[in-house]
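Engineer: what shape does this take:
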Amino acid sequence: MRHLLRLGFIAFTALRYGLDELLISSFVPRRLRIAARIVRFGRRLDAPPGQRLREALERLGPIFVKFGQVLSTRRDLLPMDIADELARLQDKVPPFPAGQSVGLIEAAFGRPIEAVFASFDREPVASASIAQVHFGVLHGGREVAVKVLRPGMLGVIESDLALMRTLAGWVERVSADGRRLRPREVVAEFDKHLHNELDLVREAASAAQLRRNMAQLGLVMIPEMFWDLCTPGVIVMERMHGVPIGQVERLRAAGVDFKKLARDGVTIFFTQVFRDGFFHADMHPGNIQVSLDPASFGRYIALDFGIIGTLAESDKDYLAQNFIAFFRRDYKRVAELHVESGWVPKGTRVDELEGAIRSVCEPYFDRPLKEISLGQVLLRLFQTSRRFNVEIQPQLVLLQKTLLNIEGLGRQLDPELDLWSTAKPFLERWMDEQVGWRGLVERLRDEAPRYAKLMPELPRLLHDALAATASGRVAHEQGEVLRALLVEQRRAVRLLKLAAVAAIGVLALLSALVAWQLLPS
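Structural biologist: Numbers count the residues shown, from 1 in each chain. Below is the predicted model of the structure:
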């Protein structure tokens, strides 16, 4: 009954905001089109479709807001206006009661909150759909931030996800455009991200990995995790003091160098992607601060590590080669990379794909580099790739979404930011480290422990290999002899058969002659 009531509320909200109109144009059965027009009759739907979708998701609650945020990253599937509108979804929801938060913390640690914290701010400083954050002080004097998972989230999420899967199936059945958008795959992707965010220990582990990776770069600060106070429902981390990056006037008044800040952001992003293959994939302004402390003035502060992107070595190599091919306007190489990666169906003509890529990229190269958006180029490429049924990998969609965030943030800080010229030397250096002499030396150094272990074993391994070869040769020779004997045996059997047939024929002829002689004349 609860599911039916929730489904009824979703249907009412969809009709109220005219979401059915988004599918009208692609309804195939004529009766469905007529029914949809009847249902739409009398409603005023003046707002753009993207705005109505955003408002409907906000009305449906935090889980649908989070779904809209994830959906906004699939710009390879959505129309531009709808994706832009969904990107405006704010994950600000009313906090749950402080008493409930304290109870969850005490249950997680198995002791009163006074035994854990010297002081604890019951009023949350941030509240989102998945968790909320409080400030506190440990008994040792360390200032901390405490992230608490919202109570009862798993049951709500599972219920809404089940409804989303049902709705996605309906959309695929009744809408031709819906099948192209692959709604069931989008819901499955959302399911994965959402369940990852429900495990706060996983988020803490991601933060710790990023902290180690970025330690030597000196451009970004990431909070330290207190592992003895981390559970799946509550995590405690170092409190970071900074100014939200969206407060541009306050940062400018403090004397922050915006040009350096923009370049540092690009460096951080490309370092995480191409050096580490492990990047913060939720870099919107709400998760980024800037330090004004004299010891770390002008450095970034990263927060909220619920969504992390990872890239394999093959992904990094593919991306770097694509970027460098773009810089050199080598569109044929870009097309070949798509074919080599296996993302393009067999039989796709490289020259046709090359022509489509050229039509996307060439107009941008006629402008000054500072006017070119690398994120928009990738976005156009993803949209063009639909014509060739290119399979867009989820990790690359996360990367493209993060790149758009970084580029937009960088141009907000420095309108003259040239992302291409900033990225090109980094990528060329990275490629040299991968395939040049430096890359060879680096890989030899990485493999040195393995070689050191194998060296003493080489004589024995060589002996075993030679013995196996000799044994194989003897076996081969013996097999040849047996095959020759078998051939001779078969030949002898055939000769014996022929001889027997000939003998029988001669005997039959002699018998006939004798019988003829004995006959009376």
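Engineer: thinking V236 is in contact with V144, fair?
Structural biologist: Yes. Using C-beta atoms under 8 Å, V236 is in contact with V144, at 5.1 Å. No exception for glycine: its C-beta is placed from N, CA and C like everyone else's.
Engineer: need the residues touching each of these two.
Structural biologist: In terms of C-beta atoms under 8 Å, 6 or more residues apart in numbering, V236 and V144 are both contacted by the residues G136, L138, F226.
Engineer: ok so, going back, between V236 and V144, which one's more packed in?
Structural biologist: Set V236 next to V144 and count neighbours by other C-beta atoms under 10 Å: V236 wins out with 27 against 21.
Engineer: contact partners for the residue nearest to that one when sequence neighbours are not counted?
Structural biologist: Using C-beta to C-beta, 6 or more residues apart in numbering and skipping residues adjacent in sequence, the residue nearest V236 is L229, 3.8 Å away. L229 is in contact with F109, V116, I235, V236, counting by C-beta under 8 Å, 6+ apart.
Engineer: low-confidence ranges in the stretch 351-500 of the chain?
Structural biologist: Scanning the stretch 351-500 of the chain for pLDDT under 70 picks out the ranges 364-387, 389-397, 419-420, 434-448, 450-455, 457-458, 461, 463, 465, 468-500.
Engineer: confidence score at R54?
Structural biologist: At R54, the pLDDT value in this model is 84.
Engineer: secondary structure element holding it?
Structural biologist: Using DSSP states H and E, R54 sits in helix 49-60.
Engineer: next helix or strand past that helix?
Structural biologist: Counting by DSSP H and E, what follows helix 49-60 is helix 62-72.
Engineer: all strands for the stretch 201-350 of the chain, in order.
Structural biologist: All strands of the stretch 201-350 of the chain, identified by DSSP state E, counting those that start in this stretch, fall at 220-221, 234-238, 243-244, 278-280, 288-290, 300-302, 308-310.
Engineer: any chance of these in TSV, plus mean pLDDT and distance to A335?
Structural biologist: Shown next, in TSV, are these (pLDDT from 0 to 100; distance: least, C-beta to C-beta, whole Å):
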stretch	mean pLDDT	distance to A335
strand 220-221	95	36
strand 234-238	96	46
strand 243-244	92	42
strand 278-280	90	27
strand 288-290	93	36
strand 300-302	95	36
strand 308-310	85	25
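Engineer: R329 is nearest to which of the ones you listed?
Structural biologist: R329 sits nearest to strand 278-280 of all those, at 27.0 Å, using C-beta to C-beta.
Engineer: the closest one pairs with which strands?
Structural biologist: strand 308-310 (antiparallel) (DSSP bridges).
Engineer: and the strand it pairs with, which residues are buried?
Structural biologist: I308, G309 (16 or more other C-beta atoms under 10 Å).
Engineer: just stretch 237-246 next, same as before
Structural biologist: M237, E238, R239, M240, G242, V243, P244, I245.
Engineer: can I get those in TSV with distance to G306?
Structural biologist: TSV is the format used below for those (distance: C-beta to C-beta, whole Å):
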residue	distance to G306
M237	13
E238	17
R239	18
M240	16
G242	19
V243	22
P244	18
I245	19
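Engineer: and which of the residues you listed is nearest A320?
Structural biologist: Among these, and counting by C-beta to C-beta, the member closest to A320 is I245, at 27.6 Å.
Engineer: residues contacting the closest one?
Structural biologist: L251, P285, I288, Q289, V290, Y300, L409, L413.
Engineer: distance of the fifth one from G309?
Structural biologist: In other words, V290. Applying C-beta to C-beta, to the nearest Å, the value for V290 to G309 is 23 Å.
Engineer: with the fourth one instead?
Structural biologist: Distance of Q289 to G309, computed by C-beta to C-beta: 21 Å.
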